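Trainee: output the structure for:
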Amino acid sequence: MTKKYSSKVSYGLLTVVFVVFFSPLILNLIKSGINLNLTLISIFLIIIFGLITHMFLKTEYIIEDKKLKIKCGFFTYKPIEINEIREITKSSNIISSPAASFDRIEIKYGKFEELIISPKNKFEFAQYLTNLNLKIKNNITEE
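Mentor: Sure thing, here's the model as predicted:
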């Protein structure tokens, strides 16, 4: 059976990315008006921001065949064997990860591996994994 969980999306985080990308462009536009260089840079930034937005909105976690598969936009991560997962906990770590929100959980697996993700329904996600592998230490509680 395949079970999919979408990532929780922090629109505040996406707004910060937008401001960082486009503030210098807007200031430059006000200062010097439209020119060829500014137009080309604008097109490039719009494409890059579009790809980032796609990654935010199309991040999902798929549980299938006793594996956790992670898809982030066009990218896929190496699947994690559910029987290798040791622990699931809340995380406030801001490291880069396939999580489109700061409301994150950390999955510890293998000997020293860890991964930070942000499923919309953390409790249901953690419960489902725990039901598949009863050895998982689940520290996620219903809010």
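Trainee: find the helix or strand that L68 is a member of.
Mentor: Assessed by DSSP states H and E, L68 sits inside strand 67-72.
Trainee: show the average pLDDT along that strand.
Mentor: The average pLDDT within strand 67-72 is 96.
Trainee: and what of stretch 23-40?
Mentor: For stretch 23-40, mean pLDDT is 88.
Trainee: any regions of this protein where pLDDT drops low?
Mentor: 143 (pLDDT under 70).
Trainee: how about the spatially most central residue of it: what's its closest non-neighbour residue?
Mentor: Among the residues of the chain, the one closest to the centroid is A99, at 2.0 Å (C-alpha atoms, centre = their mean). Leaving aside its sequence neighbours, A99 sits nearest to S118 (C-beta to C-beta, 6 or more residues apart in numbering; 3.7 Å). (C-beta placed from N, C-alpha, C; glycine too.)
Trainee: S32 against I41, yeah?
Mentor: No: checked against C-beta atoms under 8 Å, the pair S32 and I41 is beyond contact range at 11.9 Å.
Trainee: am I right that I95 is in a helix?
Mentor: No: if the criterion is DSSP: H, G, I helix; E, B strand; the rest coil, then I95 is coil and not within a helix.
Trainee: measure it to M1 for me?
Mentor: 32 Å (C-beta to C-beta, to the nearest Å).
Trainee: likewise K66?
Mentor: Per C-beta to C-beta, K66 is found 11 Å from M1.
Trainee: between those two, which one's more packed in?
Mentor: K66 (12 against 5; other C-beta atoms under 10 Å).
Trainee: wait, the more buried one touches E84, no?
Mentor: No: contact between K66 and E84 fails when scored by C-beta under 8 Å: they sit 9.9 Å apart.
Trainee: ok so, going back, same drill for S32 and I41, tell me which one is more crowded.
Mentor: Legend: neighbour count by other C-beta under 10 Å for S32 and I41, higher for I41 (14 against 10).
Trainee: which SS state does the residue nearest to that one when sequence neighbours are not counted fall under?
Mentor: In space, I41 comes closest to L25 once its chain neighbours are excluded; the distance is 6.6 Å by C-beta to C-beta, 6+ apart. The three-state assignment at L25 reads helix, by three-state DSSP.
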